[in-house]
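Participant: sequence? don't have it. structure:
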């Protein structure tokens, strides 16, 4: 009442120019004071709006174009993943590699990418989504191309290691960028598009391999793949920075210009000025780290549940990506020349028909995930996580049935990829809704690390367990499908049909300031 009297001009005794003092918890758990003069207090100014509210009120062509650059990166990541699942098997045959060296070639990019994620996590929050994405994507393309030049196992391993240095931060930065732009209602669709673009990259890779591998060799396949994405780099160079990041860093003019551009392309005009939301009032200055998640018991448990979900879904997705070609190879189509010893060394492990079946198995992956994104909005993130784990268990169970038809195995691999891809999408989406903007990059990077760790485990298993029995590898996938189901049951719901229009987040921590809905 005193403050309202001040604004209306009827100042009461002792209210002249008194500051407003608000307390906010820092990532380390200490309390700092933010002092604002009453004359400039923004909360009651109708001409000002937070970047969060501004993004919630618009969607259209501009929103779509904003999401193109990170999705280009995701398409190349999908291509790189399936590339190594194919090339690794070819190199095992051509260079007579052991299971250990083959798994090293296939997983070194993930291992080194995981380590580089830890190093770059804070840099993404400090230097911007765009800058980190351009540098890391460019490095991935360059060294990916160079890795196809040398026909030497150790040169290949070294150059692929450098690819890993760049590819991990590129993926983590892309999935940090994507959930920041669309309104809350449509965020699941934007993240679901990751699986669509990932699948498109997979199809491009398989198509290039189908055209070049058995005719010109695997090195041509590697170089053509990198060159095909090089033409898309100008889109990243001329992309705009995330307005959320600009506001966190205090670049209000940049954020305002970006919002004007976004609204204009969406068929509207942005006439208001941006102000900071309460949870952004403390600038990010490099001190944010994983320690925030372990500040309270509740945060720590949520962090562990979310990241184990990423880990277990990573096992199942990469298990399908790297184990799928092995299932297809073990059940060749009639007339296949696989392993007959009469073809050149490049085709002695995968012939054209097998490459074609691998490509077909990836085709429905993206479209199915879009349908899953719709379900995630209608019935909620948690029920979808439980449902996809149950379906995964059912699909894996069919692998125990003796089947002689090779096309049935192609369909089973297709279903495994679809379920794994949808679960992987949820593992990207959920961290962005569990935790606030100021630690979102660290949360997403941690989820990527969990997924890649699970992927590395799946790659090693695909090399060693398949050499014993394909059913042993099937059991490995089944165990982690069960663990995914158990973990999903402990999750909190972040968004469903009942609270999609809610002004406040369901998940909040007793020691934290409430976080706005889209954060």
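Facilitator: Perfect, I can see it now. What you see is a predicted model, and the numbers here were worked out from it, not measured in a lab. Numbering: from 1, shown residues only.

Participant: a helix runs through residue 274, doesn't it?
Facilitator: No: with DSSP: H, G, I helix; E, B strand; the rest coil as the criterion, residue 274 is located in strand rather than a helix.

Participant: How many residues are close by it?
Facilitator: 23 (other CB atoms under 10 Å). C-beta: built from backbone N, CA, C; applies to glycine.

Participant: Using the three-state scheme, assign residue 236.
Facilitator: helix.

Participant: Model confidence at it, what's the number?
Facilitator: pLDDT recorded at residue 236 is 83.

Participant: What of the one 5 residues further on?
Facilitator: According to the prediction, residue 241 has pLDDT 85.

Participant: again, but for the one 10 residues further on
Facilitator: Looking at residue 251, its pLDDT is 79.

Participant: tell me, what residue is most central in the chain?
Facilitator: residue 175 (4.2 Å; CA atoms, centre = their mean).

Participant: Contacts only, for it.
Facilitator: 70, 74, 191, 194, 428, 444, 447, 448 (CB atoms under 8 Å, 6 or more residues apart in numbering).

Participant: isn't there a strand covering it?
Facilitator: No: under three-state DSSP, residue 175 falls outside any strand and is assigned helix.

Participant: which of the contacts of residue 175 count as buried?
Facilitator: 70, 74, 191, 194, 428, 444, 447, 448 (16 or more other CB atoms under 10 Å).

Participant: quick revisit: among the contacts of residue 175, which one lies nearest to residue 119?
Facilitator: Nearest to residue 119 among the contacts of residue 175: residue 448, at 12.8 Å, using CB to CB.

Participant: The closest one: which element?
Facilitator: Assessed by DSSP states H and E, residue 448 sits inside helix 440-468.

Participant: pLDDT averaged over that helix - what is it?
Facilitator: 84.

Participant: hmm, which two among the buried ones among the contacts of residue 175 are most spread apart?
Facilitator: 70 and 447 (15.3 Å).

Participant: Show me which residues of the helix holding residue 448 are buried.
Facilitator: Residues 440-463, 465-466 are the ones in helix 440-468 that count as buried (16+ other CB under 10 Å).

Participant: Show me what it is packed against.
Facilitator: helix 99-127, helix 153-177, helix 297-330, helix 406-434, helix 470-489 (3 or more CB pairs under 8 Å, 6 or more residues apart in numbering; DSSP states H and E).

Participant: and the ones you listed, which is most packed in?
Facilitator: helix 406-434 (a mean of 24; mean count of other CB atoms under 10 Å).

Participant: how big is the angle separating that one from helix 297-330?
Facilitator: 160 degrees (axes from the mean of the first three to the mean of the last three CA atoms, to 10 degrees).

Participant: Run the chain-centre distance for helix 406-434.
Facilitator: 13 Å (CA atoms, centre = their mean, to the nearest Å).

Participant: For it, the averaged confidence score.
Facilitator: Rounded mean pLDDT across helix 406-434 is 82.

Participant: got the angle between that helix and helix 153-177?
Facilitator: 50 degrees.

Participant: So which elements touch helix 406-434?
Facilitator: In terms of contacts (3+ CB pairs under 8 Å, 6+ apart), helix 406-434 is packed against helix 187-216, helix 297-330, helix 352-362, helix 365-379, helix 381-398, helix 440-468.

Participant: which secondary structure elements does the fourth one contact?
Facilitator: Meaning helix 365-379. Judged by 3+ CB pairs under 8 Å, 6+ apart, helix 365-379 is in contact with helix 187-216, helix 381-398, helix 406-434.

Participant: Determine which of those helices approaches residue 93 most closely.
Facilitator: Closest among those, using CB to CB: helix 187-216, at 12.1 Å.

Participant: Okay, buried residues for that closest one please.
Facilitator: 187-188, 190-206, 208-210, 212-214.

Participant: State the distance from residue 470 to residue 322.
Facilitator: 13 Å (CB to CB, to the nearest Å).

Participant: Overlap in contacts, those two.
Facilitator: Counting by CB under 8 Å, 6+ apart, nothing touches both residue 470 and residue 322.

Participant: pLDDT weak spots in the chain?
Facilitator: The model of the chain has pLDDT under 70 over residues 1-47, 120-126, 188, 192, 275-290, 334-349, 366, 437-438, 441, 495-519.

Participant: Please repeat the previous calculation with a cut-off of 50.
Facilitator: Along the chain, segments meeting pLDDT under 50 span 1-43, 277-288, 339-348, 496-506, 509-519.

Participant: burial measure for residue 85, as a count.
Facilitator: Neighbours of residue 85 under the rule other CB under 10 Å: 23.

Participant: Which strand or helix spans it?
Facilitator: helix 61-94.

Participant: Looks to me like residue 350 is in a strand.
Facilitator: No: counting by three-state DSSP, residue 350 falls outside a strand, being coil.

Participant: could you list every residue that touches it?
Facilitator: Contact analysis of residue 350 by CB under 8 Å, 6+ apart lists 86, 89, 90, 213, 325, 329, 338, 358.

Participant: ok, so of those, who is nearest residue 490?
Facilitator: Comparing the contacts of residue 350 against residue 490 with CB to CB places residue 325 closest, at 33.6 Å.

Participant: my guess is the closest one contacts residue 86, does it?
Facilitator: Yes: between residue 325 and residue 86 a contact is recorded at 6.3 Å, counting by CB atoms under 8 Å.

Participant: any shared contact partners between these two?
Facilitator: 350, 358.

Participant: Surely residue 317 and residue 452 touch.
Facilitator: No: distance between residue 317 and residue 452: 10.7 Å, which falls outside the contact criterion (CB under 8 Å).

Participant: Please tell me how far residue 261 sits from residue 397.
Facilitator: For residue 261 relative to residue 397 (CB to CB), the value is 51 Å.

Participant: Please say which of those two ends up with more neighbours.
Facilitator: residue 261 (16 against 12).
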